Each structure stands twice: as structure tokens, then as C-alpha cells.
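Trainee: okay, here's the prediction I keep looking at, along with the sequence it came from:
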Amino acid sequence: MRPDSTVTLNTGREMPIIGVGSWGLKEKPAEVIAEALRMGYRMVDTSGDYGTQKYVGEGVRKSGVPREEEFVVTKVEEDEDAHESAHRQIQELGLDPADLIVIHRPPEAGAGVGLWQGLIDAREEGLTRDIGVSNYTQEQIQELIDETGVVPAVNQIEWSPFGYSDEMLNFLNKHGIILQAYSSLTHAKRLDDARLKAIAAKYGKTPAQILLRWDIERGVVPIFKANRIEHLRENMGIFDFELEPMDVEKLNALNEHFSALGGKISYN
Ligand SMILES: NC(=O)c1ccc[n+]([C@@H]2O[C@H](COP(=O)([O-])OP(=O)(O)OC[C@H]3O[C@@H](n4cnc5c(N)ncnc54)[C@H](OP(=O)(O)O)[C@@H]3O)[C@@H](O)[C@H]2O)c1
């Protein structure tokens, strides 16, 4: 595996195995995105409600990386007309089409079949190459599939060894849906965990690198955020080692349904 390695989506298209997020990028966000792309990252995640979308577009354009090598993910909100919103998002990005547009979160009731149909229409119109969901439960995804026959390409959810669900991963694998892991570094809240640090020391790696490696070895695609260029560089160092099965087991055992956003994660 390398930074530009890909996983195959259920539509047959390829998606990079790691991405950089843009929620909470503070100073010079366009420069951070451009630098990440120059460094070798190929996927960038944004959303209309992060306030970073135009900087992502700017960073993509100034990076010098050919557009066809990049993969830009954005989102529509659950209270919007998804089709109209997709138009707005690509306008704000200044990129046409987007590579992936996902529903940011399910609506208060149901799975949002109308929203999903809006994204299907957006894809048919060529506004995005692929469509997916975020923060969806298995039941909600099943409802979208049953009602429209269209399977999401990804489910973007919070995911780390401190909070994950084998049941969710098995369900997504069964449908060929790629799990995009957000807050994959736990918002840096668990990087000091002694058990994680011990594993990192064994490989001469950092806790952040171990968390990201844990994802890619399971076919999970991590999205992390870094304001600091040295963090972007450090997180590139995950392709020259492999976790031994006993260490994967130790990482798996850290699950405590931790959510970086507070409270416990539930995938149901
Ligand atoms: N779909 C959704 O509902 C949803 C929700 C949340 C997030 N997301 C997406 O996922 C992205 C990532 O998640 P996140 O921003 O919540 O959290 P995250 O990636 O888990 O954590 C970000 C924090 O980790 C630090 N960091 C990065 N690399 C590090 C390293 N090597 N060593 C130590 N610290 C390191 C960053 O520091 P510096 O910034 O100082 O470099 C920042 O404080 C978001 O930006 C967003 O694009 C999606």
C-alpha cells in the first residue's frame, strides 16, 4: 500500500485509502489542503457547513496535482433538498463534478429516502461521480437500498479502536459499502493512552500512525484532520510497516464505544 493506493467502490470507481479532513482547519486552510495534496494525499473531505469548502476548492486548484488524481468529498444536509444542495456545493467548491457527495446525517425520522433520491438525481445529472451517506445506521442504509435499489458507495462514521462496531463493518462489507472513518485520531483525545503508546513504541511509530494503520489494514478508509504540516507529514508514515495479529487484537480490545464528540457511540 502507498498513499495513492485505492479501494474499489461498489460502482467500480476507485477511492484513495486515506483522506484529509477540513472541519476545524484554522489558519490558511487552502494552503494546508494544497500542501497535503503535494505531499501525496489524494482525498479531501469537506462539507457546506464546515465553512471550508471554498478553501478546499482553492487548495485543490493551487496544488498542481491533476484534478483526475484527486478525490473530493462533500456533503448535503439532512434538512435540504439534496439535489439543489448538490448544485450549491459544487458551485462553492468551484469543482464540477465532485467525486463523492454524502448525506451528512439521517433526518430526525426515517432514512431520508427523498434525500437519497435527490442524490441519485444529482449523480445522474453528473454533479458527482459517487454518492453515499454519513452517520447512518444499518437499518437506515437497508431502507435506502430497499426503497431505491441504489446502494450507497460509503458510510462515513466515527471510528477508532476506542469506538467501533464489528457488526457495522460486517454489514457494510456485505453490501460492498466502504467505511470512511472520521475522527479516526479521536480528536487527539486518546493519543496518550498507555496501551496505544506501548504498541507505537514497539514499531518505532507514533500513536497517530498506529490508529491510521489499524484502519487501512481492515479496508477502512481513515479521514483525519491536521492543521499542522508536521502532522500531515507524520501521518504519511503508515505504509512501511504491518501490525502483527497480536497487536491488532490488543487494539481491538480498546473498544469502549468512545466518541470524540462526547458520550458513547451507537451504530444502531
Ligand atoms: N461526517 C461527519 O459527521 C464528520 C464528523 C466529524 C468529522 N468529520 C470529518 O473527519 C475529519 C477528521 O475528524 P476530526 O477533525 O473530527 O478529528 P481527528 O482527525 O480525529 O483529530 C484531529 C486532531 O488530531 C490532531 N492530529 C493530527 N495528526 C496528528 C498526529 N500525527 N499527532 C498528534 N495529533 C495529530 C490534529 O492536530 P492539528 O490540527 O493541530 O494538526 C487535531 O487536533 C474532519 O476534519 C471532517 O472532515 C466528519
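Mentor: Here it is on my side, so go on.

Trainee: please count neighbours and contacts with C-alpha atoms only from this point.
Mentor: Fine.

Trainee: where do the helices sit along the stretch 51-200 of the chain?
Mentor: Secondary structure of the stretch 51-200 of the chain (DSSP state H, counting those that start in this stretch): helices at 53-62, 82-93, 113-124, 138-148, 166-174, 194-203.

Trainee: tell me the most buried of those?
Mentor: Mean neighbour count (mean count of other Cα atoms under 10 Å) peaks for helix 53-62 among those, with a mean of 23.

Trainee: against which helices or strands is it packed?
Mentor: Judged by 3 or more Cα pairs under 8 Å, 6 or more residues apart in numbering; DSSP states H and E, helix 53-62 is in contact with helix 29-39, helix 82-93.

Trainee: and those: which comes nearest the ligand?
Mentor: helix 29-39 (10.0 Å; Cα to the nearest ligand atom).

Trainee: check which helices and strands the closest one sits against.
Mentor: Looks like helix 29-39 contacts helix 53-62, helix 229-234 (3+ Cα pairs under 8 Å, 6+ apart).

Trainee: switch to 6 Å and redo it
Mentor: helix 53-62 (3 or more Cα pairs under 6 Å, 6 or more residues apart in numbering; DSSP states H and E).

Trainee: identify all contacting residues around the helix it packs on.
Mentor: With Cα atoms under 6 Å, 6 or more residues apart in numbering as the test, helix 53-62 has contacts from 29-31, 33-34, 46, 92-94.

Trainee: got JSON lines for the helices of the stretch 51-200 of the chain, with mean pLDDT and distance to the ligand too?
Mentor: Shown next, in JSON lines, are the helices of the stretch 51-200 of the chain (pLDDT from 0 to 100; distance: least, Cα to the nearest ligand atom, whole Å):
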{"stretch": "helix 53-62", "mean pLDDT": "96", "distance to the ligand": "10"}
{"stretch": "helix 82-93", "mean pLDDT": "97", "distance to the ligand": "14"}
{"stretch": "helix 113-124", "mean pLDDT": "98", "distance to the ligand": "16"}
{"stretch": "helix 138-148", "mean pLDDT": "98", "distance to the ligand": "15"}
{"stretch": "helix 166-174", "mean pLDDT": "98", "distance to the ligand": "16"}
{"stretch": "helix 194-203", "mean pLDDT": "98", "distance to the ligand": "12"}
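
Trainee: out of the ones you listed, which comes closest to Gln156?
Mentor: helix 166-174 (10.9 Å; Cα to Cα).

Trainee: the closest one vs helix 138-148, what angle?
Mentor: 20 degrees (axes from the mean of the first three to the mean of the last three Cα atoms, to 10 degrees).

Trainee: which single residue in the stretch 1-150 of the chain comes nearest to the ligand?
Mentor: Gly21 (3.2 Å).

Trainee: against Glu77, how distant is that residue?
Mentor: When distance is defined by Cα to Cα, to the nearest Å, Gly21 is 17 Å away from Glu77.

Trainee: quick one: the residue in the chain sticking out farthest from the centre from Glu147, how far?
Mentor: Centroid-distance maximum for the chain: Lys202 at 27.8 Å, with Cα atoms, centre = their mean. Distance of Lys202 to Glu147, given as Cα to Cα: 49 Å.

Trainee: just the pLDDT at Ser266, thanks.
Mentor: With respect to pLDDT, Ser266 scores 88.

Trainee: what about the residue nearest to it when sequence neighbours are not counted, how many residues nearby?
Mentor: Distances taken as Cα to Cα, 6 or more residues apart in numbering put His257 closest to Ser266, at 7.3 Å, once the chain neighbours are dropped. His257 has 18 neighbours, counted by other Cα atoms under 10 Å.

Trainee: go on, Val73?
Mentor: When neighbours are defined as other Cα under 10 Å, Val73 has 23 of them.

Trainee: follow-up on the earlier one: of the contacts of helix 53-62, which is the most crowded?
Mentor: Going by other Cα under 10 Å, Ile33 tops the contacts of helix 53-62 with 31 neighbours.
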